[in-house]
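>>> Okay, predicted coordinates and the sequence, questions at the end:
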Amino acid sequence: MLGLSNVKTLAGGKGVEVEWANGSTARFHAVWLRDNSPDPETLSPGNGQRLIRIQDVPEDVAVKAATVFDDVRLEIVFSPEDKVVTFDAAWLMEHRYDRPETADTAPGWTGVEVVRWGEELQEKLPVASFREANRNADELRRWLADVRRYGVAKMTDMPLESGAICKVVELFGYLRETNYGRFFEVRTEVNPVNLAYTGLGLQVHTDNPYRDPVPTLQLLSCLENSVDGGDSVVVDSFKAVELLRGEAPEAFKALSSLPANYTYAGTGDVMLRSKRPMIELGPDGELLAVRFNNRSLGPLTDIPFDQMEAFYDGYRKLAEIMERPELAVTFKLQPGELFIVDNTRVTHGRVGYEGSGSRWLQGAYADLDGLRSTLAVLEQQATQEEQNEVVA
Ligand code: NM2
Ligand code: OGA
Ligand code: ZN
């Protein structure tokens, strides 16, 4: 365990600078430390939720004294309250925010947990067996971690029964019910409410950009697929955005700063609309989401006249990149197989099909927050088990 070697109080008690045994240092503000004090009057011991309001922290909060104990505890005395609080060295390390400027902070950056990919993923597309993931927490943890890293994964060995897709969602989270149902049939229909319910080819897309918030996970499972065609394709839009940013910075700028409109009215019983950028960045420039769907981009009504052409130029450029063969991973789903995509990131499409044979897929939506939560709990359990083994 990484211990603390030193602590200095910053001028005026504004905060502290902490040094760990490996030589790394980080500063913490007095107000931040006080707001995050782990004592039972500040944080509920039962659930970790904060019991105080920000106004309960004195405006002139300062560090009166700071001392390291036993290498692993930092004791702080806060003025004017004269409150004594102990912080844990590992906790401070995990939550430090005083980092040197990292290499990639240009708008469109992604965190270390995101690995952008192209056709090379074809040979190593993450996959797990449903039966295995259902009884083995390690297998489930690996599969969920792959979804976090690559935004896509396959599952095999599914029960060949209608609705089995729901059991996959139950492994990690909750179904997102929509106007399409708890889950939905994807097959050729006579009066299709959506072009997905035809044999037409579908350009790669994210689903339901006309919803706000969008469903952040989509699953598609296969019950029958004996037609000619109907192959699936997935493309990492975050990779496409990275290429766009390099090749056409003005296109990246237009798509990330102008509001697009997305719509779906089906046969008239719903009227869904959203107004969002095609490339969504966070306040610190992090690439958060892509909404890409040729069928559902509405009439654009919120882009200034003088910028409309720049938007369309950018959209065309992004679409061209999205269709590059070197970005595509393709496969033909077999009965008993499923794939899941992070619907804020990985686009999916299909080759058209017709003629003899049958094709029957089922789809469902769910959300990433539940998946990430399940994964974090499984990872914590795995770490604890490892530590217990070391001790035993
Ligand atoms: N379906 C399959 O987002 C879309 O409109 C794509 C969605 C109909 C639920 C198709
Ligand atoms: C969808 C979709 C692809 C397919 O249902 O959203 O994109 O392979 N389907 O049918
Ligand atoms: Zn789709």
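That came through, no problem. Predicted model, so just to flag it, every value in this text is computed and none were measured. Ligands and ions are numbered 1, 2, ... in the order given.
>>> CA only for contacts and neighbour counts going forward, please
OK.
>>> contacting residues around Ser44?
Counting by Cα atoms under 8 Å, 6 or more residues apart in numbering, Ser44 touches 50-51.
>>> What confidence value was assigned to it?
With respect to pLDDT, Ser44 scores 98.
>>> From Arg53, how far out is it?
As judged by Cα to Cα, to the nearest Å, Ser44 and Arg53 stand 13 Å apart.
>>> With Ser37 instead?
Using Cα to Cα, Ser37 is found at 13 Å from Arg53.
>>> Would you mind pulling up the elements that the strand or helix carrying His348 packs against?
His348 is part of strand 346-350 when elements are defined by DSSP states H and E. Helices and strands touching strand 346-350, by 3 or more Cα pairs under 8 Å, 6 or more residues apart in numbering; DSSP states H and E, are strand 202-205, strand 232-236, helix 237-247.
>>> secondary structure element for Gln384?
helix 368-391.
>>> Would you mind naming what in the protein lies close to ligand 2?
Contact residues (Cα under 6 Å from any ligand atom) of the chain with ligand 2: 186, 196, 207, 232, 349-350.
>>> change it to 5 Å
For the chain, the contact set with ligand 2 under Cα under 5 Å from any ligand atom comprises Arg350.
>>> In contact with Leu51, which residues?
Leu51 is in contact with 41-44, counting by Cα under 8 Å, 6+ apart.
>>> again, but for Arg148
Contacts of Arg148 by Cα under 8 Å, 6+ apart are 113-114, 372.
>>> mind redoing it with 7 Å?
113-114 (Cα atoms under 7 Å, 6 or more residues apart in numbering).
>>> The one helix or strand it maps to - what's its average pLDDT?
If you go by DSSP H and E, Arg148 is part of helix 137-150. For helix 137-150, the mean pLDDT works out to 98.
>>> Can you give me the buried ones in it?
Across helix 137-150, burial judged by 16 or more other Cα atoms under 10 Å covers 137, 139-150.
>>> tilt between it and strand 346-350?
Going by axes from the mean of the first three to the mean of the last three Cα atoms, to 10 degrees, helix 137-150 is angled at 90 degrees with respect to strand 346-350.
>>> circling back: list only those of the contacts of Leu51 flagged as buried.
If we count by 16+ other Cα under 10 Å, the contacts of Leu51 have these buried: 42-43.
>>> any chance of the contacts of Leu51 in CSV, plus distance to ligand 1?
Below are the contacts of Leu51 laid out as CSV (distance: Cα to the nearest ligand atom, whole Å):
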residue, distance to ligand 1
Glu41, 48
Thr42, 45
Leu43, 42
Ser44, 42
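>>> Wasn't Cys166 part of a strand?
No - judged by DSSP: H, G, I helix; E, B strand; the rest coil, Cys166 forms no part of a strand; its state is helix.
>>> Could you tell me how many residues sit around it?
21 (other Cα atoms under 10 Å).
>>> need the residues of the stretch 201-350 of the chain near ligand 1, please.
207-208.
>>> now the residue in the stretch 201-350 of the chain that ligand 2 sits nearest to: how far from Asp369?
In the stretch 201-350 of the chain, the residue that lies nearest ligand 2 is Arg350 (4.7 Å; Cα to the nearest ligand atom). Look at Arg350 and Asp369: by Cα to Cα, they are 27 Å apart.
>>> Looking at those two, which is more packed in?
Per other Cα under 10 Å, whichever of Arg350 and Asp369 has more neighbours is Arg350, with 22 against 14.
>>> Neighbours of the closest residue in space to that one that isn't next to it in sequence, how many?
Nearest non-adjacent residue to Arg350, counting by Cα to Cα, 6 or more residues apart in numbering: Ser232, 4.5 Å away. For Ser232, the count of nearby residues is 20 (other Cα under 10 Å).
>>> ok, which stretches of the stretch 201-350 of the chain are strands?
For the stretch 201-350 of the chain, strands defined by DSSP state E, counting those that start in this stretch occupy the ranges 202-205, 217-225, 228-229, 232-236, 259-264, 272-277, 279-281, 287-290, 328-331, 338-342, 346-350.
>>> Is it possible to get CSV of those strands that adds mean pLDDT?
Listed next are the strands of the stretch 201-350 of the chain as CSV, based on pLDDT from 0 to 100:
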stretch, mean pLDDT
strand 202-205, 98
strand 217-225, 98
strand 228-229, 96
strand 232-236, 99
strand 259-264, 98
strand 272-277, 98
strand 279-281, 99
strand 287-290, 98
strand 328-331, 98
strand 338-342, 99
strand 346-350, 99
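>>> Make JSON lines from the ones you listed and add distance to Asp70 to it.
Formatted as JSON lines, the strands of the stretch 201-350 of the chain follow (distance: least, Cα to Cα, whole Å):
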{"stretch": "strand 202-205", "distance to Asp70": "55"}
{"stretch": "strand 217-225", "distance to Asp70": "46"}
{"stretch": "strand 228-229", "distance to Asp70": "67"}
{"stretch": "strand 232-236", "distance to Asp70": "48"}
{"stretch": "strand 259-264", "distance to Asp70": "55"}
{"stretch": "strand 272-277", "distance to Asp70": "51"}
{"stretch": "strand 279-281", "distance to Asp70": "43"}
{"stretch": "strand 287-290", "distance to Asp70": "42"}
{"stretch": "strand 328-331", "distance to Asp70": "53"}
{"stretch": "strand 338-342", "distance to Asp70": "45"}
{"stretch": "strand 346-350", "distance to Asp70": "48"}
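>>> Write down the beta-bridge partners of Thr156, one by one.
Beta-bridge partners recorded for Thr156 (DSSP bridges): Ser129.
>>> OK, contacts around it?
By Cα under 7 Å, 6+ apart, the residues touching Thr156 are 128-130, 336-338.
>>> which of those are the two that sit furthest away from each other?
Across those, the longest distance by Cα to Cα is 12.2 Å; it joins Ala128 and Gly336.
>>> Can you give the domain ranges for the chain?
The chain breaks down by automatic domain parsing into domains covering 4-94, 119-376.
>>> quick one: the longest one to chain centroid distance?
This means domain 119-376. Offset of domain 119-376 from its chain centre (Cα atoms, centre = their mean, to the nearest Å): 13 Å.
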